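Novice: next come a sequence and a model predicted from it.
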Amino acid sequence: MDSGPPNAPLLLLLLTCLLHCWQGGRGQSSYTIDSVDLTILPSGAVQSGTPVTVRCHVRVSRDDAAPLRHAFQLKKDDVPVHAATTEEDSVAYQLHGARAADSGSYECRVTVLGKSKASAGRRLDVAGLQTPVLYLNKTAPYEGEEFTATCSAPEEKGSLVFRFYQMSTTGGSQKIKQPAPTGVSSETTLVLRAVGDSVLYCDYEVNLDFGRSNRSNQIPVMVKELYIFPIMNVLPSSDVFEGDVMEVVCKVVNPLRNIEVFLTKDRRILKKAPVSLSHRFTARQGDSGKLVCKAEWGNVQKETNMTVTVKELFSKPQLTMQPTDLFEGDRFQLTCSVSIYAPERIRNEIIRFAIHRDGANLTAAPAYAAVAKPSQNGNYTCAAEATALSDAVVAKGSQALVVRAKVPVSQPALSVVGGTLVLGKPFQLLCRSDSGTPPIAYTLNSPGAPAETVVASEPGRGAVFNCSAIRETPALSDFLCHARNSDNRPPASATGQQRQRSLRVIEPVSRPVLTVFPGAGDVSEGQDVTLSCAVQRGTPAFTFTWFHAEAEGPLSRRVSQSRQESYTISSVRAEQGGVYYCEADNPASETKESLRVVIAVKMAGWKKGLISGIVVCVLLILALILILALKRRLLQFKRRRTGELSVKSAGTKAERLSLTQAEVNEAANVTPGMIGKSVWSEHPSGSESEDQNSVTSPEKPAQPQQAEARQADPNRAPGETASSEARNSTQGVPEQADAASAVCFVASQQGSVEYAQLNHHPDPHGDHGNHGDRTVQDDFIDEIDMGSVHINGE
């Protein structure tokens, strides 16, 4: 037979793998949950105990026949009650005998490979509750005795709430207990305290929707009275004195097994015994009160009480001291006494006393006397004791009395806080005593103010008082301080005068006075100006500061022990004039400012003279320049008119225009006060009037004299006459310049002196200068008119 290929199994395995890979490449199968249905059979309302089936069915659409697993979950009122996972498309939940606890709204949810869907809700109502059953472990308990009661409904489900009731013979019911839910049964402990017959029963409820169950079976109960009331006797009586012997008897007449008897006072057990007891003791003051005799059997208790009064044989002793306000050096006495005393109950009617200090016995007497000093300070007590008729010793002690002798207050010291007093400023006074037991009351009496009291409660601490300003140191003597630490002792006093020697007193500076040397109105440039700042009052050291109102910051500041200091401005300049003031200060820190002084700086004298000389020279030079300019123009004009003028006219004019050496000298000797006059327009005495007469009055006798003068040299040619006159007129120009130079030199040498003299003594001939101030041009016009007249006359 033909055999297959040798690798056939391997090929088959390979094909299988390829097939699985191809299917995996195609992806997972597709499905969808079409619906989820929930059914309850029987449906609607059912009676308690009826079997009920809750079924959940799911429908799923898919693209292959591979099996699917369905996860079912049933809920009742959103609480899961059943879950199952299966390949089947439905699941059933059986209720074998439905109970009220099964009532509610059911829902089914199905989950398939990540997809989930829930059904619509269905309601199940179970009607009826099982009747509970009551059981008691004792039906004839004693009053107050505990017994057990059990109420159960075993066929129900869930946690049931049980209640127990007691019904009296008259028919009234009362709930006596409701335990916490524990399931379908409840067991609890009951106690009945009312003696007599009654009926007990119970019921339960599932929740408020279903109400309560029917009552359980009723059980009659008879509560028996427990006769265990104890009998109590107090001997010799309930009203006794301290020291008497007392006996208390407590017992039960008809005892039961396991019964106990207790004797208590103020919730404290004095004695305990079965059935009966006897308690014997010596009465004390604290034994008064209510005694209780209690019989106890199980949880049942019966009690009897009696009030006992114990009277004092003597009262608690008291320790007193005189005087109550004790100071060192005072004599004091301690006394121990009692306020209540029953001598008929005390043997021999004797009370023994003792006084102790810090636990040590001082004396066996009721009194103790000593002188107060530090060694006597301490805690004092006293004790009293007596023997009762029963031979019992009664002892009592007093409360402790603390004895601390006070230290008398020493003489206080009154001092200024800080050690420095600034006159005119408020200050603080410290009143303090070096020794004295606090509290110490310090009282300050100051002038013009009510007394002020400050209490110092700490040792070594004084009192600080705020005081108004004083103007002088002796006023401190008017301050008086009292120190007192007892109303029964005179105060210690101190005055401010006691500390004046050690007190540093600072007087503020007075207002400074600024003085200028030389006077503020007599200051010239180049002088040294001294500003003196002085104060009349104040405590050194002084700080003086000088200021210029237009300068930033102080000019100078000096600290001195003297009341006056100076500041000098060397070679004062004009720009240093203005408003000056000074300030003064001292350790009182009250800066005072002086009145302000205005200093005007005048120009120096030599500057004034120099400026005057320069002004004179400048004006004179300007005048000479103007005259020379006019003179030159006049000469040019004369040359043009020489041919037209007559010899007489030309000669006369040349004479008027020429200056003699005497006139030049006279011009050199003129003073600066004659600057306003033109020396070239001045003529010798009578010359100007003669010219005017020659012009305005040709018929006067003087005219032939002029003609004669012009004709003095008949041999001279006509042209020479005019040219020679012109030369004579120009010869005076250098001389005029020399005269001007001489005037400038003299003015510069005599400077300020002549200028000051001229300013104070004006020239009486100044008006003549104004009348004679005629320019060369005016003279020239006059000459033209005169020439014309002469020509026309000829």
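Specialist: Yep, that arrived. Numbers count the residues shown, from 1 in each chain.
Novice: element containing Leu190, please.
Specialist: strand 185-191 (DSSP states H and E).
Novice: list the buried ones in that strand?
Specialist: Within strand 185-191, the residues scored as buried using 16 or more other CB atoms under 10 Å are Ser185, Ser186, Thr188, Leu190. C-beta coordinates here come from the backbone N, C-alpha and C atoms, glycine included.
Novice: what's the answer for stretch 286-303, then?
Specialist: Residues Asp287, Ser288, Leu291, Val292, Cys293, Lys294, Ala295, Glu296, Trp297, Val300, Lys302, Glu303 are the ones in stretch 286-303 that count as buried (16+ other CB under 10 Å).
Novice: now do stretch 94-111: distance to the chain's middle.
Specialist: Averaging C-alpha positions (CA atoms, centre = their mean, to the nearest Å) puts stretch 94-111 74 Å from its chain's average.
Novice: report the rounded mean pLDDT for it.
Specialist: Model confidence over stretch 94-111, given as mean pLDDT, is 90.
Novice: for Leu514, see how far away the closest residue to Lys602 other than its chain neighbours is.
Specialist: Residue nearest to Lys602 in three dimensions, not counting chain neighbours: Ser524, with 4.5 Å by CB to CB, 6 or more residues apart in numbering. Distance of Ser524 to Leu514, computed by CB to CB, to the nearest Å: 20 Å.
Novice: can I get the helix or strand following the strand holding Leu190 in CSV, CA atoms only?
Specialist: The helix or strand immediately downstream of strand 185-191 is strand 196-205, counting by DSSP H and E. Provided in CSV are the C-alpha atoms of strand 196-205 (Å, rounded to 0.1, in the frame of the first residue of the first chain):
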residue,chain,number,x,y,z
GLY,A,196,-49.2,40.7,93.0
ASP,A,197,-50.5,38.8,90.0
SER,A,198,-50.0,39.9,86.4
VAL,A,199,-49.8,38.5,82.8
LEU,A,200,-46.8,38.7,80.5
TYR,A,201,-46.8,38.4,76.7
CYS,A,202,-44.7,39.6,73.7
ASP,A,203,-44.9,40.5,70.0
TYR,A,204,-42.6,41.6,67.2
GLU,A,205,-42.5,43.5,63.9
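Novice: give me the distance from strand 196-205 to the chain's centre.
Specialist: Counting by CA atoms, centre = their mean, strand 196-205 comes out at 76 Å from the chain centroid.
Novice: for it, packing partners?
Specialist: Secondary-structure packing of strand 196-205 (3 or more CB pairs under 8 Å, 6 or more residues apart in numbering; DSSP states H and E): strand 133-136, strand 146-152, strand 161-168, strand 219-223.
Novice: mind listing the strands for the stretch 401-550 of the chain?
Specialist: Ranges of strands in the stretch 401-550 of the chain, per DSSP state E, counting those that start in this stretch, are 401-403, 413-416, 420-422, 427-432, 440-445, 452-456, 463-467, 480-484, 492-495, 504-506, 513-517, 523-524, 529-534, 542-548.
Novice: buried residues, the third one. List them.
Specialist: Buried residues in strand 420-422, counting neighbours by 16+ other CB under 10 Å, are found at Leu421, Val422.
Novice: any chance of the buried residues of stretch 286-303 in TSV, plus distance to Asp102?
Specialist: Listed next are those as TSV, based on distance: CB to CB, whole Å:
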residue	distance to Asp102
Asp287	71
Ser288	70
Leu291	64
Val292	58
Cys293	60
Lys294	54
Ala295	54
Glu296	50
Trp297	49
Val300	46
Lys302	52
Glu303	54
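Novice: closest to Val126 among the residues you listed?
Specialist: Nearest to Val126 out of the buried residues of stretch 286-303 is Val300 (CB to CB; 45.9 Å).
Novice: can you tell me the closest non-neighbouring residue to that closest one?
Specialist: The spatially closest residue to Val300, leaving aside those adjacent along the chain, is Gly144, at 4.0 Å (CB to CB, 6+ apart).
Novice: run a quick neighbour tally on Val338.
Specialist: 20 (other CB atoms under 10 Å).
Novice: low-confidence stretches in the stretch 601-750 of the chain?
Specialist: Where the stretch 601-750 of the chain drops to pLDDT under 70, the residues are 605, 643-750.
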